[in-house]
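[1] Here is the input, now give the coordinates:
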Amino acid sequence: MNVIVLCLAAWVGFGLETALPPVLDAGSGGIHPSFIIPLLVFVALHAEARVAIWTAVALGLMTDLLIPAITQNATAVVVPGPHALGYLLAAQLVIASRGMVIRHNPLTLVVLSVLASLAASISVVAILGIRTLVDDSVAWGGASALASGFWSALYTSLSALVLSFPLFAAAPLFGFPHPQTQRFSRRD
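    Now for the predicted structure:
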């Protein structure tokens with residue numbers, strides 16, 4: 001896989017992720033689409049499993065560092081780890097379902113982006129909830145975050161649909177391996 005193309009795509013995704021929430025915010029609850037999840041799903045659909053897992057951890061760690069968690073008293077807290085583990089779970093979900101889906105269909109990217117976003121949101125809420133039990137100095141509303149994560153996952157379907165066309169067009173630039181191995185061919 002071409003790491004430079006992946007880094008450029010992630011740079012554009014994080015730029016959209018940090019710049020567009022005020023514009024695309026659906027209410028005051030922090031409901032906005034993710035532009036990183038469709039990229040993660042795209043990579044998990046086409047790359048080798050090991051590469052997809054490490055990509056998920058790297059994208060999740062960057063999300064943790066760039067987009068802080070908002071507590072109940074409206075303070076921003078940077079907690080490395082929850083999104084990294086959530087994206088890891090989301091990538092594993094996509095890797096497990098690769099054999100049952102049509103990889104080059106935009107609707108596959110849309111549906112798997114919603115499922116991956118839900119899995120990541122539930123994981124992030126659980127991890128930050130456990131952190132709140134251990135360290136109660138930071139009050140964090142898990143129920144409201146879970147509700148906004150659900151609606152954001154549904155909203156992510158629109159960004160996945162829009163991003164599916166440029167991602168599938170740029171698939172040869174990523175340099176993914178061919179999905180079907182040649183088991184019975186000669187090896188020279």
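[2] after the helix or strand bottoming out on mean pLDDT in the chain comes which helix or strand?
    For the chain, counting by mean pLDDT, DSSP states H and E, strand 69-70 ranks last in confidence among helices and strands (a mean of 70). Using DSSP states H and E, the next helix or strand after strand 69-70 towards the C-terminus is strand 76-77.
[3] Need the residue closest to the centroid of the protein.
    Centroid check for the chain by CA atoms, centre = their mean gives residue 37 as the closest residue, at 2.5 Å.
[4] Quick check: which element contains that one?
    Assigned by DSSP H and E, residue 37 falls in helix 36-46.
[5] related to what we said a few turns ago, now the residue nearest to the centre of the chain: how far from residue 172?
    22 Å (CB to CB, to the nearest Å). For glycine as for every other residue, the C-beta is placed from the backbone atoms N, C-alpha and C.
[6] now swap in residue 131 and tell me
    42 Å.
[7] Now residue 53: closest residue in space that isn't a chain neighbour?
    Closest residue in space to residue 53, ignoring its immediate chain neighbours: residue 91 at 5.6 Å, by CB to CB, 6 or more residues apart in numbering.
[8] ugh, typo on my part, it should be residue 80
    Closest to residue 80 by CB to CB, 6+ apart is residue 64, at 4.8 Å.
[9] Residue 55 now?
    Spatial nearest neighbour of residue 55, chain neighbours left out: residue 43 (5.0 Å); criterion: CB to CB, 6+ apart.
[10] what's near enough to touch the one you found?
    Residues near residue 43 by CB atoms under 8 Å, 6 or more residues apart in numbering: 1, 6, 51-52, 55-56, 91, 174.
[11] so where's the chain shaky on pLDDT?
    27-29, 70-74, 136-140, 179-188 (pLDDT under 70).
[12] try it again with 90
    1, 20-32, 67-81, 125, 127-149, 176-188 (pLDDT under 90).
[13] More neighbours: which of residue 131 and residue 172?
    residue 131 (17 against 10; other CB atoms under 10 Å).
[14] so how far is residue 158 from residue 25?
    In terms of CB to CB, residue 25 sits 13 Å off from residue 158.
[15] what helices or strands is the host helix or strand of residue 87 leaning on?
    Per DSSP H and E, residue 87 falls inside helix 82-97. Applying 3 or more CB pairs under 8 Å, 6 or more residues apart in numbering; DSSP states H and E, we find helix 82-97 packed against helix 36-46, helix 49-66, helix 106-134.
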